[in-house]
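Chemist: Can you look at this prediction? I've put the sequence above it.
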Amino acid sequence: MTDLVVAEVFGPTFQGEGPSAGRRAGFVRVGRCPLSCSWCDTAYTWDWDRFDPAKELSRRGVDDVLAEVDAMDVDLVVITGGEPLGQRAGLSALARGLHDRGTRIEVETSGVLAPSPDVVAVVDQWNVSPKLANSGMEPARRIVPDALAAFVATGRAIFKFVVVEPADLDEIAGLVDEHRLRPVWVMPEGTDAATLAERLRALAEPVLARGWHLTPRLHVLLWGDRRGV
Ligand code: SF4
């Protein structure tokens, strides 16, 4: 039986971000991430200076995870992290199981690890979130051109950028042109409703002017930074 290191499985709730925002969904949040974004709101999946992996993560059979998702009565499952592509065998088994049930699958990833063909064959949408300088990491760590090209080649990827201030949009434009990333979704960073609303307002006009999309973080507007919703 194939295993997956999981941080949390939760739902039904709403997909909070991107093209499917507002859609009823179940979530599988896997553990571990090769990156370390300064503003990461799920650091409990990877930051072992601040969190205890023995408490935060559990190794579960994929069949067990599928049974929990089955009980949610959802037709969309979002596989997120952490970094889902860090667990190739587990992701493949989970995605195949969901696909066999007729469930729509979205995978959220930082885009630094290319997907394998068997997973590409069954995932409906890749929500790829390349990280900007505001993440505090060196470019070579957060931007991997071959991996981004692999996501573009799927024809089923959207590119979602976490923005702290409107000046970040110039950096996005450079990445979008260099790596041919389309469509572009801009999402404000923020883990409370007031910050999020203020940043959404500041971003609205400049994002429209560039021909891009803007997404809220619906779960933050509804529930703040509570886990598991
Ligand atoms: S890629 Fe995602 S999970 Fe990993 S550190 Fe950055 S925000 Fe957190």
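Modeler: Thanks, I have the structure now.

Chemist: only C-alpha atoms for contact and neighbour calcs from this point on.
Modeler: Will do.

Chemist: Longest strand in this protein, by number of residues?
Modeler: Using DSSP state E, we find that the single longest strand of the chain is strand 3-14.

Chemist: do that one and the ligand meet?
Modeler: No. Applying Cα under 6 Å from any ligand atom, one finds strand 3-14 separated from the ligand by no less than 11.2 Å.

Chemist: What's the mean pLDDT across that strand?
Modeler: For strand 3-14, mean pLDDT is 98.

Chemist: Check stretch 151-163 too.
Modeler: Stretch 151-163 comes out with an average pLDDT of 98.

Chemist: for that stretch, which positions count as buried?
Modeler: For stretch 151-163, a neighbour-count test (16 or more other Cα atoms under 10 Å) marks F151, V152, T154, R156, A157, I158, F159, K160, F161, V162, V163 as buried.

Chemist: Tell me which entries of the residues you listed lie within strands.
Modeler: Those of the buried residues of stretch 151-163 lying in strands (DSSP E): A157, I158, F159, K160, F161, V162, V163.

Chemist: Which parts of this protein are helices?
Modeler: Assigned by DSSP state H, the helices in the chain fall at 53-56, 62-70, 88-100, 117-120, 139-142, 145-154, 168-179, 193-209, 218-223.

Chemist: As JSON lines, the ones you listed with distance to W126 would be great.
Modeler: Output for those, formatted as JSON lines (distance: least, Cα to Cα, whole Å):
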{"stretch": "helix 53-56", "distance to W126": "25"}
{"stretch": "helix 62-70", "distance to W126": "20"}
{"stretch": "helix 88-100", "distance to W126": "12"}
{"stretch": "helix 117-120", "distance to W126": "9"}
{"stretch": "helix 139-142", "distance to W126": "17"}
{"stretch": "helix 145-154", "distance to W126": "7"}
{"stretch": "helix 168-179", "distance to W126": "16"}
{"stretch": "helix 193-209", "distance to W126": "21"}
{"stretch": "helix 218-223", "distance to W126": "19"}
